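[1] Output the structure for:
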Amino acid sequence: MGLRDRFSLSERVRDAQWQLESQVLGLWTDAKIARIRDDPVMDNDDRWPAHLPVGAVRFARPTAHYDQCLAFYRDDLALPVLAAWRGHDGYDGVVFGLPGTPVHFELTQHGQPPSIPEPSAENQLVLYLTGPEAVATVVERFAERGHRPVDVENPYWARRGAISFVDPDGWIVVLAPWVFGRDDGFGVASSHPTYKSAAQVGD
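    As a prediction, this is how the structure comes out:
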């Protein structure tokens, strides 16, 4: 049985499961949102400040495995490459679209040999996908290229059905089956039959 088959259910069973989980998660979300609203950190206005007219955002980090990371993000994950260079003032670099120029991700390598900080379990790139089927497609693509899911320390992700992989530098890529800011509170719990733990997916 292929990975895609493992992630599929009949429409009737899936709809019933989603209805039940939506009710449970809806109650959980209402309580959580109430707690968040009481948090003093959330007292500020959530609108973007007028004095900060940002037109694009770049996240940048160093790499000690440029070629391997280029293959991981460009070929395996298939992120679009917006720019790339070699030996520019001693730096190799590549910029990936997330998914385009408004938000993008830069990797740079510098030094002989390159030296970068040791990544922690919280060094993550989280990609919020449009649902379980989208996550299944990426997991299958990674499996075909020899990548296996990993378990992460924070139980939040697995509990909501996310699947994680590690890049050649040890940074974690999280594939979440909901869109942050659009589907908040309706992520899939780990009990959803569509999802398995990292160990189960690797079986």
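
[2] If we go by neighbour counts, what in the helix or strand encompassing residue 157 is buried?
    Element membership for residue 157 (DSSP states H and E) is helix 155-159. Neighbour counts over helix 155-159 (16 or more other C-beta atoms under 10 Å) mark 157, 158 as buried. All C-beta atoms are positioned from the backbone trio N, CA, C, and that covers glycine.

[3] and if you look at stretch 139-148?
    139, 140, 142, 147.

[4] before we move on, what about stretch 93-106?
    93, 94, 95, 96, 98, 104, 105, 106.

[5] could you measure the fourth one against residue 111, distance?
    So that's residue 96. Computed as C-beta to C-beta, to the nearest Å, the residue 96 to residue 111 distance reads 22 Å.

[6] nearest to residue 177, of the buried residues of stretch 139-148?
    residue 139 (10.5 Å; C-beta to C-beta).

[7] The closest one and residue 112, how far apart?
    37 Å.

[8] repeat for residue 52
    Relative to residue 112, residue 52 is positioned 38 Å away (C-beta to C-beta).

[9] buried residues in stretch 109-127?
    Buried residues in stretch 109-127, counted by 16+ other C-beta under 10 Å: 109, 110, 116, 124, 125, 127.

[10] Make TSV out of those residues and add pLDDT and secondary structure.
    Formatted as TSV, the buried residues of stretch 109-127 follow (pLDDT from 0 to 100; DSSP: H, G, I helix; E, B strand; the rest coil):
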residue	pLDDT	secondary structure
109	97	strand
110	95	strand
116	91	coil
124	96	strand
125	97	strand
127	97	strand
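
[11] Just put these in a markdown table and tack on distance to residue 170.
    Shown next, in a markdown table, are the buried residues of stretch 109-127 (distance: C-beta to C-beta, whole Å):
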| residue | distance to residue 170 |
| --- | --- |
| 109 | 15 |
| 110 | 18 |
| 116 | 9 |
| 124 | 11 |
| 125 | 12 |
| 127 | 18 |
